[in-house]
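A.B. asks: Let's see this in three dimensions:
(2 chains)
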Amino acid sequence: MQIELNGQPKELTGATTVAALLASLGLDKAPCAVEVNARLVRKSEHPNHALAEGDRVEVVTLVGGG
Amino acid sequence: MSTQAAIDATAPAIPPIRIGSFTLRSRLVVGTGKYRDYPTMQAAIEASGADCVTVAVRRERLVDAQGRSILDFLPLDKLTILPNTAGCFTAEDAVRVSRLGREILEQLGNPGAGWVKLEVLGDKTTLLPDPVGTLEACKELVKDGFTVLCYSSDDPIIAARLRDAGAASVMPAGSPIGSGRGVANPAAIRMVIDRLKLAEQGGSPEYPVIVDAGVGTASDIVHAMELGADGVLLNTGIAHAQDPVRMAHAMRLALDAGWHTARAGRIPRKLYANASSPWEGVITHIPGE
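C.D. replies: Now for the predicted structure:
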């Protein structure tokens, strides 16, 4: 299954959830927020939110800014 | 207590600033962007005396996930983080980014989860606010429970509209972000402040107005505070100074200087001189007399 992750194509093997994706990226404990198709997926929903073919996923964090 | 501290202690205390349900000890809010490194940023924040700092929401750098996070250099137990919506050019994007920022700050247990510095920008060249998009996003975010601090142009009419839409603070731009031009139109900033704070113009003296953006040097802060601002928000003026930590210290002093000046009642401007030494008893010839 192919998704778009932070603007780049990403191949996922098998069924997967937001939580599984974050774990595979080493970000499961990092302070970050996830959007799927421009909608926020709250942290409590990560284990249950299944990703689908073509989903646009954004994983964001906090950076320096003014 | 040092001599300097003893002198400072004689000045009237500067009260904390209240923005919606938030209270900040310092009226200087500083950004965390553009520093050459995180330790310099951390030292500059400390020197500024700020207890609130702004941050931006950006994509995780997935190729460099081991890189150091800014959060390792921000004492989250002491600072209230104010997430911004910098980089948003539509109301819709600003609402998305606000929610993402809130989600992260909730995970961190920081009180900053409850508020947002709303920026809806018109274009990349001026980075000036899009007033229509800002108003639209402000309404949506207020409905969603955010305490909204609105970056705005220095126009009293849109400022009042944002206040009416529920903005907890309106933050007029002194001049474009990062321009270092200070308060480019003091008359306009004064009109924004009067509109929001004077009872005869439908304002409230308690309503917080923070001059945001354009500060290049400490005197710009004094200027903004003399015009009646409740606080100042800046980033580049400190971060890109040759010595950011020393500049942060200067900015803190300027805030205090401007606060006291605004309440000390400055002398009126006059075209001609008014001698400080008495004329009585002069032993000289005065021209024309």
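A.B. asks: residue in the stretch 101-250 of chain B nearest to chain A?
C.D. replies: At 3.1 Å from chain A, residue B:235 is the closest residue in the stretch 101-250 of chain B, using CB to the nearest CB. For glycine as for every other residue, the C-beta is placed from the backbone atoms N, C-alpha and C.
A.B. asks: count of residues packed around that residue?
C.D. replies: By the criterion of other CB atoms under 10 Å in any protein chain shown, residue B:235 has 26 neighbours.
A.B. asks: residues contacting it?
C.D. replies: The contact partners of residue B:235, by CB atoms under 8 Å, 6 or more residues apart in numbering or on different chains, come to A:65, A:66, B:30, B:31, B:32, B:33, B:34, B:54, B:178.
A.B. asks: Which single one of the residues you listed is nearest to residue B:217?
C.D. replies: Sorting those by distance to residue B:217 puts residue B:178 at the head of the list, at 13.6 Å, by CB to CB.
A.B. asks: Which helix or strand lies directly C-terminal to the one helix or strand residue B:47 maps to?
C.D. replies: Take DSSP states H and E as the rule and residue B:47 turns out to sit in helix B:38-48. Once helix B:38-48 ends, the next helix or strand along the chain (criterion: DSSP H and E) is strand B:52-59.
A.B. asks: Let me know the pLDDT of the residue of the stretch 101-250 of chain B closest to chain A.
C.D. replies: For residue B:235, the pLDDT comes out at 98.
A.B. asks: Find me whatever residue is spatially closest to it, sequence neighbours aside.
C.D. replies: residue B:31 (2.6 Å; CB to CB, 6 or more residues apart in numbering or on different chains).
A.B. asks: Could you check how far residue B:178 is from residue B:80?
C.D. replies: Residue B:178 sits 23 Å away from residue B:80 when distances are taken as CB to CB, to the nearest Å.
A.B. asks: do residue A:28 as well
C.D. replies: As defined by CB to CB, residue A:28 lies at a distance of 27 Å from residue B:80.
A.B. asks: Please apply the same query to residue B:220.
C.D. replies: Applying CB to CB, the value for residue B:220 to residue B:80 is 24 Å.
A.B. asks: re the thing from before, tabulate the contacts of residue B:235 in JSON lines, adding columns for neighbour count and distance to residue B:214.
C.D. replies: Written out in JSON lines, the entries for those read as follows (neighbours: other CB atoms under 10 Å in any protein chain shown; distance: CB to CB, whole Å):
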{"residue": "A:65", "neighbour count": "24", "distance to residue B:214": "16"}
{"residue": "A:66", "neighbour count": "28", "distance to residue B:214": "11"}
{"residue": "B:30", "neighbour count": "29", "distance to residue B:214": "14"}
{"residue": "B:31", "neighbour count": "31", "distance to residue B:214": "13"}
{"residue": "B:32", "neighbour count": "27", "distance to residue B:214": "18"}
{"residue": "B:33", "neighbour count": "21", "distance to residue B:214": "15"}
{"residue": "B:34", "neighbour count": "16", "distance to residue B:214": "15"}
{"residue": "B:54", "neighbour count": "26", "distance to residue B:214": "15"}
{"residue": "B:178", "neighbour count": "21", "distance to residue B:214": "8"}
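A.B. asks: mind putting those residues in CSV, secondary structure and distance to residue B:111 included?
C.D. replies: Supplementary listing: the contacts of residue B:235 in CSV, determined by DSSP: H, G, I helix; E, B strand; the rest coil; distance: CB to CB, whole Å:
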residue, secondary structure, distance to residue B:111
A:65, coil, 18
A:66, coil, 20
B:30, strand, 17
B:31, strand, 18
B:32, coil, 17
B:33, coil, 21
B:34, coil, 25
B:54, strand, 14
B:178, coil, 28
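A.B. asks: picking up where we left off before, the helix holding residue B:47 - contacts with which helices or strands?
C.D. replies: If you count contacts as 3 or more CB pairs under 8 Å, 6 or more residues apart in numbering or on different chains; DSSP states H and E, helix B:38-48 packs onto strand B:28-31, helix B:236-239, helix B:244-264.
A.B. asks: what's the average pLDDT for the last one?
C.D. replies: Computed over helix B:244-264, the mean pLDDT rounds to 97.
A.B. asks: returning to what we had before: excluding its own residues, what touches the helix holding residue B:47? List them.
C.D. replies: A:64, B:26, B:28, B:30, B:32, B:35, B:53, B:68, B:70, B:72-74, B:79, B:238-239, B:244-249, B:251-252.
A.B. asks: chain center to that helix: distance?
C.D. replies: Computed by CA atoms, centre = their mean, to the nearest Å, the separation of helix B:38-48 from the middle of its chain amounts to 17 Å.
A.B. asks: Over to stretch B:190-197?
C.D. replies: In terms of CA atoms, centre = their mean, the centre of stretch B:190-197 is set 16 Å apart from its chain centre.
A.B. asks: if we can go back for a sec, need the winner for burial among the helices and strands packed on helix B:38-48.
C.D. replies: Burial of those is given as mean neighbour count (mean count of other CB atoms under 10 Å in any protein chain shown); strand B:28-31 ranks first at a mean of 28.
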